[in-house]
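[1] curious how this folds, go ahead:
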Amino acid sequence: MPISRFSSPRLWLRWAVFMAAMAGILWLMVSRTLPQIEKADPRRLTMVESAHLELTAQTMTDLQPDFTQSFSDPLERMIPHRMDGLVQPLWPWLAAWMHDPLDVAATLRGTGMFRLGLVLGFLTVLGLVAARSFSLPAALWVVLMAALHGFAPVLPFFTGEVIFHIALLALWLGCLYALQRNSLWVYGVIGAAGAMAWLAEDRMVIPMLLVFIFVSSLRAIWGWASAHFSRMPGTSLWVWRNHWLGLLMLTTMFFFISGPRLVESNAQFGEAFFSHVDHARWLSTAGEGMSWIEQHPDAESIARVPVLDRPSAATALGMMTLGRVLGRLYVGAGLVAEQLDAAIPMLMAMLLLLVSLTMLTWSSCPKATHAGERLHPETATTVLFVSVAIGICTVIAFWDAVVLPVRHLHGLVMLLSLSLAWGAESVLRRARRRGVSKWVIGGYLILMWVMVGWAALTAWA
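    I've put the predicted structure just below:
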């Protein structure tokens with residue numbers, strides 16, 4: 001009873017501070033993005049926004065089915081499937097429900113308000129979940145990074161990037177959870193989230209799924225070898241027997257949800273996974289990439305180009321020396337740094353804090369004596385997945401940035417922020433159980449509050 005009397009006021013104060021801070025973050029989000037939404041002008045759309053708007057108008061016909069002649073075909077047409085090789089079908093399908101063909105400006109404002117409301121609701125849920133799992137400054141830092149460096153740079157645009165960020169986070173969390181406890185339903189969630197993210201933006205999703213399949217398969221092989229050859233019995237929440245059936249569930253869910261788009265793409269371009277990005281990225285300049293996309297809108301125009309003259313990895317890399325490849329990656333790294341701006345230093349600072357906290361715990365704390373004081377036994381596979389997935393997505397972005405916009409990389413900010421905070425809080429929680437010095441805990445909290453202040457100050461820069 002005495003504990004509850006003393007802890008209750010502190011708990012109420014913690015939640016009061018959290019609610020006040022969340023209100024400030026949401027207000028800041030609205031103040032930064034609402035004026036841009038209200039000033040949306042159909043005459044100032046980017047090429048990608050114009051493609052989304054055109055596909056939205058085409059999708060409207062699918063949402064007005066005529067069941068007098070057939071039932072299955074109109075019903076199939078109502079499922080998100082339309083694509084033009086440049087944009088994916090999910091956002092045009094959602095926007096078509098709100099589209100006013102007689103007032104395009106009203107459509108831009110209305111869909112912008114929809115995206116803003118979706119982001120505000122998502123950030124509220126993210127903040128509540130983080131506050132229950134992390135320390136107060138860590139939770140606020142994650143929400144600030146997601147709001148200011150994840151959603152704010154992409155929200156005003158008439159694209160599906162907001163949907164992509166949310167679905168990509170669901171995919172990321174599903175992969176991390178499945179690498180610790182691979183229940184079969186988690187594989188289904190990964191497949192569904194991956195399909196939704198891919199239907200919103202076709203970049204980063206497939207590499208991330210392939211890395212998960214590779215890392216989890218390595219874990220399954222290791223589990224099989226340990227079960228058959230190890231003489232030391234052990235327990236784990238990761239069951240290698242679940243993996244292969246889980247992969248079947250993953251692929252089934254992915255193709256079930258993305259199937260209509262794959263069929264449409266195969267009919268239009270002769271390739272189920274066709275994307276102009278896969279061709280344009282192998283050109284040398286942004287102008288060449290734009291020209292290629294504009295001059296090859298369908299399978300016929302692409303077929304007229306000789307096979308050896310089509311942009312591809314073989315033709316591009318075959319004519320480049322190693323120095324030119326590294327030079328292009330270096331230029332792309334600079335463009336990526338400009339795109340992500342202040343987010344990179346803060347993510348690097350958080351990574352340094354995580355590494356420092358881990359080293360302090362390892363060097364100054366007593367040795368762990370039970371499971372509650374040790375890191376999760378699957379931590380190694382989780383770190384491997386995070387490192388390889390982020391590394392591959394980053395290298396691809398460095399290459400693409402020379403030719404293509406890389407605004408989709410803002411989706412990585414929320415993933416990395418949450419993962420780094422999760423790692424730091426997990427290490428700190430176990431360090432407390434091992435009797436770490438209060439100076440270490442206090443120092444960590446002070447530094448996290450500094451990180452929160454740093455993130456908040458970037459909003460006014």
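
[2] which residues in the stretch 101-250 of the chain form helices?
    104-133, 136-144, 161-178, 184-200, 205-229, 240-269 (DSSP state H, counting those that start in this stretch).

[3] the last one to helix 205-229, inter-axis angle?
    Regarding helix 240-269 and helix 205-229, their directions subtend 160 degrees when assessed with axes from the mean of the first three to the mean of the last three Cα atoms, to 10 degrees.

[4] quick one: average confidence on whichever helix or strand comes after helix 240-269?
    Counting by DSSP states H and E, the next helix or strand C-terminal to helix 240-269 is helix 276-280. Regarding helix 276-280, the rounded mean pLDDT is 89.

[5] what are the contacting residues of helix 276-280?
    Helix 276-280 is contacted from outside by 85-86, 202-203, 288-290, 292-293, 296, 310-312, 400, 403-404, using Cβ atoms under 8 Å, 6 or more residues apart in numbering. To be clear about C-beta, it is placed using only N, CA and C from the backbone, and glycine gets the same treatment.

[6] return the member of the residues you listed nearest to V452.
    R203 (30.5 Å; Cβ to Cβ).

[7] excluding chain neighbours, what is closest to the closest one?
    H408 (5.3 Å; Cβ to Cβ, 6 or more residues apart in numbering).

[8] where's A195 relative to L168, distance?
    12 Å (Cβ to Cβ, to the nearest Å).

[9] R281 too?
    R281 is 20 Å from L168, by Cβ to Cβ.

[10] who has more neighbours out of these two?
    The neighbour count for R281 versus L168, taken as other Cβ atoms under 10 Å, is higher for L168 (26 against 21).

[11] just checking, that one touches M204?
    Yes - with contact defined as Cβ atoms under 8 Å, L168 counts as touching M204 (7.1 Å).

[12] quick check: neighbours shared by those two?
    G411.

[13] what does the pLDDT read for I344?
    94.

[14] same check, this time on L340
    On the pLDDT scale, L340 gets 90.

[15] what do you get for R231?
    57.

[16] repeat for P405
    Residue-level pLDDT assigned to P405 equals 90.

[17] same thing with L375?
    pLDDT, L375: 57.

[18] sec struct for the residue nearest to R203, please.
    Under DSSP: H, G, I helix; E, B strand; the rest coil, the three-state class of H408 is helix.

[19] with H99 instead?
    coil.

[20] and stretch 98-105, how far apart are its ends?
    The first and final residues of stretch 98-105 sit 12 Å from each other (Cα to Cα, to the nearest Å).

[21] CA atoms of the lowest-mean-pLDDT helix or strand in the chain as CSV?
    Ranked by mean pLDDT, DSSP states H and E, the weakest helix or strand in the chain is helix 72-77, scoring a mean of 76. Only the C-alpha atoms of helix 72-77 are listed here, as CSV (Å, rounded to 0.1, in the frame of the first residue of the first chain):
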residue,chain,number,x,y,z
SER,A,72,-18.0,-11.1,-60.5
ASP,A,73,-16.2,-8.8,-63.0
PRO,A,74,-17.5,-5.5,-61.6
LEU,A,75,-16.7,-6.8,-58.1
GLU,A,76,-13.2,-7.6,-59.1
ARG,A,77,-12.8,-4.2,-60.7
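
[22] tell me the buried residues in that helix?
    By neighbour count with 16 or more other Cβ atoms under 10 Å, helix 72-77 contains the buried residues P74, R77.

[23] which residues touch it?
    D62, P65, D66, F67, P260.

[24] what about 6 Å?
    With contact meaning Cβ atoms under 6 Å, 6 or more residues apart in numbering, helix 72-77 is reached by D62, P65, D66, F67.

[25] follow-up on the earlier one: tell me the most buried of the helices of the stretch 101-250 of the chain?
    helix 136-144 (a mean of 26; mean count of other Cβ atoms under 10 Å).

[26] which helices and strands sit right next to it?
    The contact analysis (3 or more Cβ pairs under 6 Å, 6 or more residues apart in numbering; DSSP states H and E) places helix 136-144 against helix 2-38, helix 104-133, helix 410-433, helix 438-458.

[27] what is the mean pLDDT for that helix?
    Mean predicted confidence for helix 136-144 is 96.

[28] next: stretch 411-425.
    Mean predicted lDDT for stretch 411-425 stands at 94.

[29] right, and A40 touches A106 too?
    No - counting by Cβ atoms under 6 Å, A40 does not reach A106; the two are 9.5 Å apart.

[30] next one: the least confident helix or strand of the chain to chain centre, how far?
    31 Å (Cα atoms, centre = their mean, to the nearest Å).

[31] before we move on, what about stretch 136-152?
    The mean C-alpha position of stretch 136-152 is separated from the chain mean by 14 Å, Cα atoms, centre = their mean.

[32] please list the outside residues in contact with that stretch.
    Contacts of stretch 136-152 (Cβ under 6 Å, 6+ apart): 14, 21, 25, 29, 32, 119, 123, 126-127, 130-131, 165, 343, 410, 413-414, 417-418, 421, 425, 448-449, 451-452, 455, 459.

[33] just the buried subset of the contacts of helix 276-280, written out for ChimeraX, thanks.
    Typed into ChimeraX, the line below selects the buried ones among the contacts of helix 276-280, using 16+ other Cβ under 10 Å:
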select :85,86,202,203,289,292,293,296,311,400,403,404
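
[34] in the stretch 301-450 of the chain, where is pLDDT below threshold?
    364-377, 434 (pLDDT under 70).
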